[in-house]
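Asker: Sequence and predicted structure below; questions after.
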Amino acid sequence: MKVFLRQRKQTSKGTISLYLEIYKGTTQTPDGKTKPIREYEYLNLYLIDDPKAKSDKKNNENTLQLAKDKKAVRELEIKNGNLGFRNSNNQKQNFIEYFKNLVSKKETKGNEGNWYSTQKHLENFAGSNVTFKDIDLQFAERFKDFLNKAKRKDGKPLSNNTKASYFAKFRACLNEAVKEKIIYGNPAVETGNFKTVESQREYLTLDEVRKLAQTECRYDVLKRAFLFSCLTGLRWSDINNLVWSDVQKINNNWRIHFKQQKTKGQQYLDINQQAKDLMQEVGKADDRVFVGLNYSDYFNVALQMWVLKAGITKYITFHCARHTFAVLQLTLGTEIYTLSKMLGHSELKTTQIYAKIVDEKIFEAVNRIPDINL
């Protein structure tokens, strides 16, 4: 058994990733060919590609020495019988069961479906009897290839964004295993992910929001929560978890303070009287504000029926209310930095997607002027 220190260029980042290749001998394939057995350990160490500055060259020198030291330690561990896991029992642990347990711990309901779908694709790809010993770079690359060929229930191929989301969940699970000291490194890091494309963000115009407000919905709590999102930009998960202790009245103005379910960041948001009225009567501190709101197929169908009843033919999901808030704010003159804070975005570039939508609408408006026959 031999250990090699390898390098791989990351052209998009301008760095070189350092990793260990552990050669464990060979095996015979069913057709009689000899196949090498290799495992990989990713060190999370990076060299600067083509360094110019003296400081960068020195940094590379120190990083490379650290990698060599890790290689030496790894060789010693292998000599003593450690074959790549924190302890000998970890390699026998069922990876699929570990993934299932991780899914059950997830708090963000709106994202739970993606985790569950990833789990089903993993089971379809490799079965339910997969151990951590089976998870290596080749496994990750083959799973990525499997997703590339996978189909939806209607027979259509998965979108790039969906494939990227599923593979990201797979990598996130392995990252968690690294944190829990089950494995030394994440073998899926080096495979890269699917290239995502900017998806169309559906939203409602102000007139369409007014139509919905005047249209009866099967579930009153769904109507109030959706319109509340249109007026505040809050995600479904944050609205669903909102309790009365999160709501404060400061100098005759209303403010909510809460921890975002998606980012776990603390958020303070001022709301107008219209939004407050949608909350109805104040309850006890620990009571949910929107009692009876559920994430279910029944509510999703009811939302679509309500939208159609209002004469709106767009495909609207609950999250479209957040998009609606963002587009309306920009259209009405709110500066993008302020909007970014209101939406709780950690990066301004995330908010700039909405600015593109507004720019497109301005361009359409300019071109509505008919030909003046110059």
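Answerer: Okay, I see it.
Asker: what's the neighbour count on Asp246?
Answerer: Using other Cβ atoms under 10 Å, Asp246 has 17 neighbouring residues. Just so you know, the C-beta spots here come from the backbone N, C-alpha and C atoms, and that holds for glycine as well.
Asker: So it sits against Phe258, correct?
Answerer: Yes: assessed by Cβ atoms under 8 Å, Asp246 is found in contact with Phe258 at 4.8 Å.
Asker: list the helices and strands the helix ranked longest in the chain packs on?
Answerer: In the chain, with assignment by DSSP state H, the single longest helix is helix 54-79. Counting contacts by 3 or more Cβ pairs under 8 Å, 6 or more residues apart in numbering; DSSP states H and E, helix 54-79 is packed against strand 2-10, strand 15-28, strand 34-48.
Asker: State the pLDDT value of Gln65.
Answerer: If you check Gln65, the pLDDT there is 91.
Asker: how close does it sit to Leu18?
Answerer: As judged by Cβ to Cβ, to the nearest Å, Gln65 and Leu18 stand 11 Å apart.
Asker: Looking at those two, which one has more neighbours?
Answerer: Legend: neighbour count by other Cβ under 10 Å for Gln65 and Leu18, higher for Leu18 (22 against 10).
Asker: Could you list which residues are in contact with Ile316?
Answerer: By Cβ atoms under 8 Å, 6 or more residues apart in numbering, the contact set of Ile316 is 202, 204, 303-304, 307.
Asker: Kindly recompute the last result at 6 Å.
Answerer: Contact partners of Ile316, counting by Cβ atoms under 6 Å, 6 or more residues apart in numbering, are Val307.
Asker: did I read that right, it in a helix?
Answerer: No: Ile316 is assigned coil when assessed by DSSP: H, G, I helix; E, B strand; the rest coil, not a helix.
Asker: ok, so what distance separates it from Val221?
Answerer: Going from Ile316 to Val221 by Cβ to Cβ gives 17 Å.
Asker: And Lys92, by the same measure?
Answerer: Counting by Cβ to Cβ, the gap from Lys92 to Val221 is 48 Å.
Asker: Compare these two and say which one has the larger neighbour count.
Answerer: For Lys92 versus Val221, the count of surrounding residues by other Cβ under 10 Å is larger for Val221: 18 against 10.
Asker: which stretch of helix or strand covers that one?
Answerer: helix 220-232 (DSSP states H and E).
Asker: What residues of that helix count as buried?
Answerer: 221-232 (16 or more other Cβ atoms under 10 Å).
Asker: again, but for stretch 347-360
Answerer: 351, 354, 357-358.
Asker: which non-adjacent residue is nearest Val130?
Answerer: Phe95 (4.6 Å; Cβ to Cβ, 6 or more residues apart in numbering).
Asker: ugh, typo on my part, it should be Gln280
Answerer: Spatially, and ignoring its direct neighbours in sequence, Gln280 is nearest to Arg224 (7.3 Å; Cβ to Cβ, 6+ apart).
Asker: Can you check what angle separates the longest helix of the chain from strand 2-10?
Answerer: On the basis of axes from the mean of the first three to the mean of the last three Cα atoms, to 10 degrees, helix 54-79 is oriented at 150 degrees to strand 2-10.
Asker: Could I get the average pLDDT for the helix or strand following helix 54-79?
Answerer: Once helix 54-79 ends, the next helix or strand along the chain (criterion: DSSP H and E) is helix 95-105. Confidence for helix 95-105, expressed as mean pLDDT, is 87.
Asker: Check the offset of helix 95-105 from the chain's centre.
Answerer: Distance of helix 95-105 from the chain centroid (Cα atoms, centre = their mean, to the nearest Å) equals 17 Å.
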